[in-house]
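>>> need the 3D shape of this:
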Amino acid sequence: METTANKNSVKSERLMSLDVLRGFDMFWIIGGGALVVSLSKLNALSFLEPVAIQMRHVEFEGFRFWDLIFPLFMFISGVTIPFAILSKVDKGISKKSLQFRIVKRAFILVILGLLYNGTLQKGFADMRFASVLGQIGLAYFIGATIVLQAKSVKVHALWLLVILVFISVLQLFVPVPGYGAGWFDPVKGMNAYVDQLLLPGRLSVGTYDRLGVLCIISASVLVLMGYFAGRLLRQPNITPNRKALYLLGTGVLFILFALVLAPVYPVVKSFWTTTFNFLTAGISLVLLAVFYYVIDVRKLRGRVFSHVLFFFKVIGLNSITIYMAARILPFREISGFFTGWLVEPAGTWIMIAGAITLEWLLLYYLYQQKIFLKV
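Below is the predicted model of the structure:
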């Protein structure tokens, strides 16, 4: 996410807050969530049980912290668009070349998603096409293509509105054959109908896929919302304090909007409803505002705080790498080889902490060697 100074952009600098926020997000996936759950089982730390509950997805309708992890990552990918794509347009790189990069990125992420799903391990007969990485790639492809090819910010906003309305109308008002309209149900919902109609291969829940066709299209809204946040951060004529305030205020409004609509249009991550988009985008905006203000505006750098920032930054700079590595490499087993004798008296948390340490040391090595694997 390199930025370049020119007449349309701010002074060239990398926003550390984005790397730290991305690393903070990825930390929970690579073991942070499991660590909290394990610690909450200790008698001395039983007060962590309410926090541990937040480290699990809701069964269907509703929201917990764990439901934010994936949308936050997608939102951040959108924030980088003005820096990673529009800055290159400003430098004269052709849109054709940039569009090819976007397509290439989507293709690679879809392939990595298939690998993550265990396609090579389990074979092609029962393969699942939908994946986290595939959804990131395809939703980013939709959002980034709109930003690159549309002629103005107004058109970008219009596309965002069109996708929101399209998803909302489908889920609320278009009848599913045999069931009718407005069902938020694993069998009767529009997402289930579309996935069974269009998505090949195995579906994650049998009747639908949590990362299915409508989820991908709807998730592109988060990419576009992130893009508008990134565009604000890149504006040279707005003070950093005002940028943080605008992000915070918009985030709070989005959260309130989602909560007001939730009784009639429920928050359902598995269906990626519009209310889910607004709620997660709102929380993402609030987090971005806080991280941006503390790290890039106030530039707080206390000794301990600097170490914490660096810890998350190292993760954030190679997020896709560690996501795949944590799937392929047996970090927890390796940790158990060295800490197994401590697990029984101390608890499984020590093995999980060891795995996180090994993951971070791998990322630190890549950081030291200036190896940043990006797609």
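>>> any idea which element residue 193 lies in?
Secondary structure from DSSP states H and E places residue 193 in helix 190-198.
>>> next secondary structure after that helix?
helix 213-233.
>>> show me the contacts for residue 327.
residue 116 (C-beta atoms under 8 Å, 6 or more residues apart in numbering). The way it works is simple: take the backbone N, C-alpha and C, and place the C-beta from them, glycine included.
>>> how far does the strand or helix carrying it sit from the chain's center?
Using DSSP H and E, residue 327 falls within helix 319-328. Centroid displacement of helix 319-328 relative to its chain, using C-alpha atoms, centre = their mean, to the nearest Å, is 14 Å.
>>> let me see the mean pLDDT of it.
What helix 319-328 shows for mean pLDDT is 95.
>>> buried ones in it?
Neighbour counts over helix 319-328 (16 or more other C-beta atoms under 10 Å) mark 319-326 as buried.
>>> next one: residue 206 from residue 196, what distance?
Computed as C-beta to C-beta, to the nearest Å, the residue 206 to residue 196 distance reads 10 Å.
>>> whoops, I mixed them up, residue 367
For residue 367 relative to residue 196 (C-beta to C-beta), the value is 44 Å.
>>> now do residue 263
According to C-beta to C-beta, residue 263 and residue 196 sit 28 Å apart.
>>> more neighbours: which of those two?
Neighbour count, other C-beta atoms under 10 Å: between residue 263 and residue 196, residue 196 has more, with 15 against 8.
>>> what is the burial count for the nearest residue to residue 215 once chain neighbours are set aside?
The shortest distance from residue 215 to any non-neighbouring residue, by C-beta to C-beta, 6 or more residues apart in numbering, is to residue 272 (4.0 Å). By other C-beta under 10 Å, 27 other residues sit near residue 272.
>>> make 52 the starting number, not 1.
Sure, I'll start counting at 52 from here, so that last one is residue 323.
>>> what pLDDT does residue 323 get?
98.
>>> go ahead and confirm it touches residue 265.
Yes: taking C-beta atoms under 8 Å as the definition, residue 323 is a contact partner of residue 265 at 6.7 Å.
>>> what touches both of the two?
Joint contacts of residue 323 and residue 265 (C-beta under 8 Å, 6+ apart) are 218, 242.
>>> contacts only, for residue 251.
Going by C-beta under 8 Å, 6+ apart, residue 251 touches residue 180.
>>> count of neighbours near the nearest residue to residue 329 once chain neighbours are set aside?
Leaving aside its sequence neighbours, residue 329 sits nearest to residue 309 (C-beta to C-beta, 6+ apart; 4.0 Å). By other C-beta under 10 Å, 23 other residues sit near residue 309.
>>> ok, then the element right after the helix or strand that contains residue 309?
Taking DSSP H and E as the definition, one finds residue 309 inside helix 291-312. From helix 291-312 onward toward the C-terminus, using DSSP H and E, the following helix or strand is helix 325-342.
>>> angle of that next one against helix 264-284?
Angle of helix 325-342 versus helix 264-284, following axes from the mean of the first three to the mean of the last three C-alpha atoms, to 10 degrees, is 30 degrees.
>>> buried residues, the helix or strand containing residue 159. List them.
Element membership of residue 159 [criterion: DSSP H and E] is helix 146-167. Neighbour counts over helix 146-167 (16+ other C-beta under 10 Å) mark 149-150, 152-153, 156-157, 160-165, 167 as buried.
>>> and the residue nearest the centre of this structure?
With distances taken as C-alpha atoms, centre = their mean, residue 124 lies nearest the centre of the chain, 1.9 Å away.
>>> check contacts around the closest residue to residue 225 other than its chain neighbours.
Among residues not flanking residue 225 along the chain, residue 232 sits closest, at 5.8 Å (C-beta to C-beta, 6+ apart). Residues in contact with residue 232 (C-beta under 8 Å, 6+ apart) are 223-226, 241.
>>> what's the answer for residue 123, then?
Residue 123 makes contact with 72, 76, 331, 334-335, 338 under the criterion C-beta under 8 Å, 6+ apart.
>>> which ChimeraX command selects the buried ones in the residues you listed?
In ChimeraX syntax, the buried subset of the contacts of residue 123 is picked out as below (16+ other C-beta under 10 Å):
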select :72,76,331,334,335,338
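>>> now pLDDT and distance to residue 406 too, for the contacts of residue 123, in CSV please.
Formatted as CSV, the contacts of residue 123 follow (pLDDT from 0 to 100; distance: C-beta to C-beta, whole Å):
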residue, pLDDT, distance to residue 406
72, 98, 23
76, 98, 18
331, 98, 27
334, 98, 28
335, 98, 27
338, 98, 25
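>>> and which of the contacts of residue 123 is nearest residue 402?
Checking the contacts of residue 123 against residue 402 with C-beta to C-beta, the nearest one is residue 76 at 23.2 Å.
>>> which one is that closest one nearest to, not counting chain neighbours?
Spatially, and ignoring its direct neighbours in sequence, residue 76 is nearest to residue 123 (4.9 Å; C-beta to C-beta, 6+ apart).
>>> and that neighbour, what element?
Using DSSP H and E, residue 123 sits in helix 120-130.
>>> residues in contact with the nearest residue to residue 301 once chain neighbours are set aside?
Nearest non-adjacent residue to residue 301, counting by C-beta to C-beta, 6+ apart: residue 336, 5.5 Å away. Applying C-beta under 8 Å, 6+ apart to residue 336 gives the contacts 126, 276, 280, 298-299, 301-302, 305.
>>> can you check residue 413 too?
Counting by C-beta under 8 Å, 6+ apart, residue 413 makes contact with 373, 376.
>>> likewise for residue 256?
Per C-beta under 8 Å, 6+ apart, neighbours of residue 256: 237, 321.
>>> now the helices for the stretch 52-201 of the chain?
With DSSP state H, counting those that start in this stretch, the ranges of helices along the stretch 52-201 of the chain come out as 67-78, 84-91, 100-104, 120-130, 132, 138-141, 146-167, 170-173, 183-200.
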